[in-house]
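predicted model and sequence follow; I will ask about them next.
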Amino acid sequence: MSTLPPFPVDESTLNLIEHAMKGALTYERPDHIRYDSGDDGPWLVGAEFSLSQLLDFLGGTVGRDPNEEVIRPADPDRPGIEGAEITYDTRIHYTEHSVIKALIAEVRRLRAEQ
């Protein structure tokens, strides 16, 4: 089984994390989304990408996993998020815990240098 390298804590990645953390999901249709677009939300506002999207990109897990496991199939009788399919991505990927562990390690490294 392959593993990912430790989560990067370089300045560029930290800037991307900060940007992603400015985003929030909303059900209030943003001005740039037309009412006839067929997109019922939720929408991300305040950032171009979410932290989850950034972690997927950095880990190389963008797109659907061909080996994903369906935890709950879509339910056509429950529209919206409540009836959406839920899947488990089987690929090795970064998580919020990866970020926290990397930041703790970096703080400890910097303290040891002092």
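Looks like it came in fine.

show me the shaky parts of this protein.
For the chain, the stretches with pLDDT under 70 are 1-2, 32-40.

okay, now residue 8: neighbour count?
14 (other CB atoms under 10 Å). Every residue, glycine included, has its C-beta placed from N, CA and C.

helices or strands up against the top helix by length along the chain?
Determined from DSSP state H, the single longest helix within the chain is helix 96-113. Packing partners of helix 96-113 (3 or more CB pairs under 8 Å, 6 or more residues apart in numbering; DSSP states H and E): helix 51-59.

buried sites along the helix or strand just after the helix it packs on?
Next in sequence after helix 51-59, counting helices and strands by DSSP states H and E, comes strand 69-72. Of all the residues in strand 69-72, not one is buried under the rule 16 or more other CB atoms under 10 Å.

Provide the strand pairings for the next helix or strand along the chain from strand 69-72, with the direction of each partner.
The helix or strand immediately downstream of strand 69-72 is strand 86-88, counting by DSSP H and E. The pairing partners recorded for strand 86-88 under DSSP bridges are strand 69-72 (antiparallel).

and the residue nearest in space to the middle of the chain, how far from residue 23?
By CA atoms, centre = their mean, the chain has its centre lying nearest to residue 52, at 0.6 Å. Distance of residue 52 to residue 23, given as CB to CB, to the nearest Å: 10 Å.

repeat for residue 58
To residue 23, residue 58 is 16 Å away according to CB to CB.

same thing with residue 105?
Counting by CB to CB, the gap from residue 105 to residue 23 is 26 Å.

for residue 111, same thing?
For residue 111, the distance to residue 23 (CB to CB) stands at 31 Å.

more neighbours: the two, which one.
Per other CB under 10 Å, whichever of residue 111 and residue 23 has more neighbours is residue 23, with 19 against 8.
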